[in-house]
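In: just a sequence and a predicted model for now, questions to come.
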Number of protein chains: 2
Amino acid sequence: MEQTYAYARLREFTRNVFIAIGCPADQAELASEVLLSADLRGIDSHGVARLSGYVRLWEGGRINANPHIRIVHETPSTAVVDGDGGLGLVVAPFAMQVAIDKAAQVGTGWVSVKHSNHFGIAGYHAMKALDKDMIGMAMTNASPLVAPTFGKERMLGTNPIAVAIPANKQPAFVADFATTTAANGKLEMLQRKAETAPTGWIQDKQGNSSTNPYELKDGGALLPLGGDREHGSHKGYGLGAVVDIFSAVLSGANYGPWAPPFVSFLPLAPDPVGQGLGHFFGAMRVDAFRPVGEFKDHMDNWISRFRATTPIHDEQPVLIPGDPEREMQAERLLNGIPLLEPVVKDLQAVAQKFNINY
Amino acid sequence: MEQTYAYARLREFTRNVFIAIGCPADQAELASEVLLSADLRGIDSHGVARLSGYVRLWEGGRINANPHIRIVHETPSTAVVDGDGGLGLVVAPFAMQVAIDKAAQVGTGWVSVKHSNHFGIAGYHAMKALDKDMIGMAMTNASPLVAPTFGKERMLGTNPIAVAIPANKQPAFVADFATTTAANGKLEMLQRKAETAPTGWIQDKQGNSSTNPYELKDGGALLPLGGDREHGSHKGYGLGAVVDIFSAVLSGANYGPWAPPFVSFLPLAPDPVGQGLGHFFGAMRVDAFRPVGEFKDHMDNWISRFRATTPIHDEQPVLIPGDPEREMQAERLLNGIPLLEPVVKDLQAVAQKFNINY
């Protein structure tokens, strides 16, 4: 049911699609790099599988292919960026660069973004800080799919957080996770395999715990990390809320249930409280705290020591955040990216629409 | 089994104990305010119940009652503070003030702290930013009690994160939570009541899921938020790891399994990788992003809208982070702070030791 495609081929195709919808060449190039980084790192739900979704948003007039992205407010260590309705895939790199530039000047940089759209995987943006010897952070709000603890209404997105921390000989520490028990992409995988979900992932529209992965399409909701109150779902809810507020209330984007949906067939909220989706980025220069060499040596020690944690089962060692994705990237650069049949058909339809070589 | 004490009485007693161990009067006053804020907010495990623990650490030579707390490195938006082995209860307010001062100058301030000790509840420190119209953040590493996903060794503390965000007419949003499913204090409560723990809170020393709240004393471990891999424990582990790295690797404190234990009967690691415990504080000026009035009005709207989320059960509305603690504080200021009998006995022993009026 899967076909495998070379990274370079998918990357070129994606770039051509972005050019076809009117993106300037350099932005199309960048957007394809950001989008495909999800496929390389194994976050299949956020990569090329979403390309047709971006196209439909553009067709619906919800994406500006040639935006004037700009800083609208700033201090030495902060900025607010207006994405002008552009692809999050190009708005986010602009904003992350502003954070990095500010960190170079005053130690840290923090950028909240409004009027943007989905930005691919948070990890890509956070990792941009690494080769500058900075710690990078990225987060975003997203389509409302998540019920807060005690609620049955969808109020938050899966609101991911990524933190990338450089090391010396060890590969970087890269945490990148949704603030829900499981991301929506995991449910889609269960649906394709006709499997049930573990308890604690979803609830039905009445707020009852459910293991039916289709529940979400029937008015149910994803659950905050923790699953239920007894297992700390109020912490996952609090974390998702902080992401929402930093990304959207600080910048002037739509927050909470007003966040625009990714799927173009759902209407926008009739009473927006801001503009577009919001993101939040941070960069901290390591040497604003401690000499870089000293820090990185201790990070090596941190990583080695955690990798050497006595495992419960010898065959499953303790991992460092970022390990699985890095290994996946090496493997997929070599052997190609597997795409499920529905994704392939979707891409073929996009190719046909724009008369692009597939 | 509980006796209730007026806040002012416990506060004065605590201050007198800190003076008895050699703290300067102003630091004893501050430390008692910080410690008692846990009791007021209902985080009983982190309040006056720990006073005898601080005393024992001082007796063991692990706390410097009269520290020279100072900035050892800084940039316009960052600093590293050396706590000189002082009470975290006084080191942390110093460092948070540095973060606030830097935010006043360049928009945000970020302070990593080494050579400190336990700082009470994270929320107290984060909330210091609120009346400056800033967002406050506080986190700390702590005694290793938590096994990373797939591991059976205790590698991390419960590593809490607090974020305080000001609103206008609504009370502030204050999230303050351990990055584990349940904090250690919750286990102690179960032990006192002879109840079992829910699954997903703890594992035994072999790494098997357990519901026995005594397991931790028998070599078991607390679990990261999420509980197990299927429910996202790698996210809780990643979050606790970020807290550890920001607090201790950035500053030069002890990290991971090297973090010094709170209980004085456990030896310090023979091969320290830094000095004392670490903390991390942040302050972001709201108007470094958006006019304060505009931001606060939207926070009011955020809070009202989330409070109005359709509840699963009408009798349990959706809460805003900080609601339960704020209500508890109002109630306890009025009616007093209930203390369990073992805590009372503990305090009586402290009173006797220093010949302080109890």
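Out: Cool, got the structure. Numbers count the residues shown, from 1 in each chain, chains lettered A, B, ... in the order given.

In: what's the pLDDT at the residue lying farthest from the centre of chain A?
Out: Among the C-alpha atoms of chain A, the one farthest from their average position, using C-alpha atoms, centre = their mean, is that of A:Asp314, at 32.2 Å. Taken from the predicted model, the pLDDT recorded for A:Asp314 is 96.

In: give the helix, strand or coil label for it.
Out: Counting by DSSP: H, G, I helix; E, B strand; the rest coil, the backbone at A:Asp314 sits in coil.

In: so it versus chain B, what's the distance?
Out: Taking C-beta to the nearest C-beta, to the nearest Å as the measure, A:Asp314 falls 11 Å from chain B. Quick note: C-beta positions are derived from backbone N, CA and C, even for glycine.

In: go on, A:Thr199?
Out: In terms of C-beta to the nearest C-beta, A:Thr199 sits 9 Å off from chain B.

In: okay, and that residue sits in which element?
Out: Using DSSP states H and E, A:Thr199 falls within no helix or strand.

In: so who does it touch?
Out: With contacts taken as C-beta atoms under 8 Å, 6 or more residues apart in numbering or on different chains, A:Thr199 has the following neighbours: A:Ser209, A:Thr211, A:Gly227.

In: next up, the contacts around the residue nearest the centre of chain A.
Out: With the centre of chain A defined as its mean C-alpha position, the nearest residue by C-alpha atoms, centre = their mean is A:Ile121, 2.9 Å away. Remark: with contacts taken as C-beta under 8 Å, 6+ apart, A:Ile121 is in contact with A:Ser37, A:Ala38, A:Arg41, A:Ile43, A:His46, A:Pro160, A:Ala162, A:Asp176.

In: ok, now A:Arg229?
Out: Residues in contact with A:Arg229, defined by C-beta under 8 Å, 6+ apart, are A:Thr149, A:Phe150.

In: again, only this time at 10 Å
Out: With contacts defined as C-beta atoms under 10 Å, 6 or more residues apart in numbering or on different chains, the neighbours of A:Arg229 are A:Thr149, A:Phe150, A:Tyr237, B:Gln316.

In: may I have the helix or strand harbouring A:Ser32 exported as PDB, CA atoms only?
Out: Under the criterion DSSP H and E, the helix or strand holding A:Ser32 is helix A:25-40. Extracted C-alpha coordinates of helix A:25-40, given in PDB (Å, rounded to 0.1, in the frame of the first residue of the first chain):
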ATOM      1  CA  ALA A  25      10.800  31.100  -6.300                       C
ATOM      2  CA  ASP A  26      12.900  31.600  -3.200                       C
ATOM      3  CA  GLN A  27       9.800  31.200  -1.000                       C
ATOM      4  CA  ALA A  28       8.700  28.100  -2.800                       C
ATOM      5  CA  GLU A  29      12.100  26.600  -2.300                       C
ATOM      6  CA  LEU A  30      12.100  27.400   1.400                       C
ATOM      7  CA  ALA A  31       8.500  26.200   1.900                       C
ATOM      8  CA  SER A  32       9.300  22.900   0.200                       C
ATOM      9  CA  GLU A  33      12.300  22.400   2.500                       C
ATOM     10  CA  VAL A  34      10.300  23.100   5.600                       C
ATOM     11  CA  LEU A  35       7.300  20.900   4.500                       C
ATOM     12  CA  LEU A  36       9.500  18.000   3.500                       C
ATOM     13  CA  SER A  37      11.500  18.100   6.700                       C
ATOM     14  CA  ALA A  38       8.400  16.600   8.400                       C
ATOM     15  CA  ASP A  39       8.500  13.600   6.000                       C
ATOM     16  CA  LEU A  40      12.300  13.200   6.500                       C
END
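
In: now it: how far from the chain's centre is it?
Out: Averaged C-alpha coordinates place helix A:25-40 at 13 Å from its chain's average position (C-alpha atoms, centre = their mean, to the nearest Å).

In: let me see the mean pLDDT of that helix.
Out: Helix A:25-40 shows a mean pLDDT of 98.

In: packing partners for that helix?
Out: In terms of contact count using 3 or more C-beta pairs under 10 Å, 6 or more residues apart in numbering or on different chains; DSSP states H and E, helix A:25-40 is assigned the packing partners helix A:7-20, helix A:51-59, helix A:88-106, helix A:122-127, helix A:323-335, strand A:337-340.

In: out of these, nearest to chain B?
Out: Evaluated with C-beta to the nearest C-beta, the helices and strands packed on helix A:25-40 place helix A:88-106 nearest to chain B, the distance being 4.1 Å.

In: returning to what we had before: okay, the contacts of A:Ile121 in TSV with neighbour count and distance to B:Ala142 next?
Out: As requested, those are exported to TSV (neighbours: other C-beta atoms under 10 Å in any protein chain shown; distance: C-beta to C-beta, whole Å):
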residue	neighbour count	distance to B:Ala142
A:Ser37	22	35
A:Ala38	22	35
A:Arg41	24	31
A:Ile43	22	32
A:His46	24	34
A:Pro160	25	26
A:Ala162	24	24
A:Asp176	24	25
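
In: now, the most widely separated pair of the residues you listed?
Out: By the measure C-beta to C-beta, those have their two most distant members at A:Ser37 and A:Pro160, which lie 13.8 Å apart.
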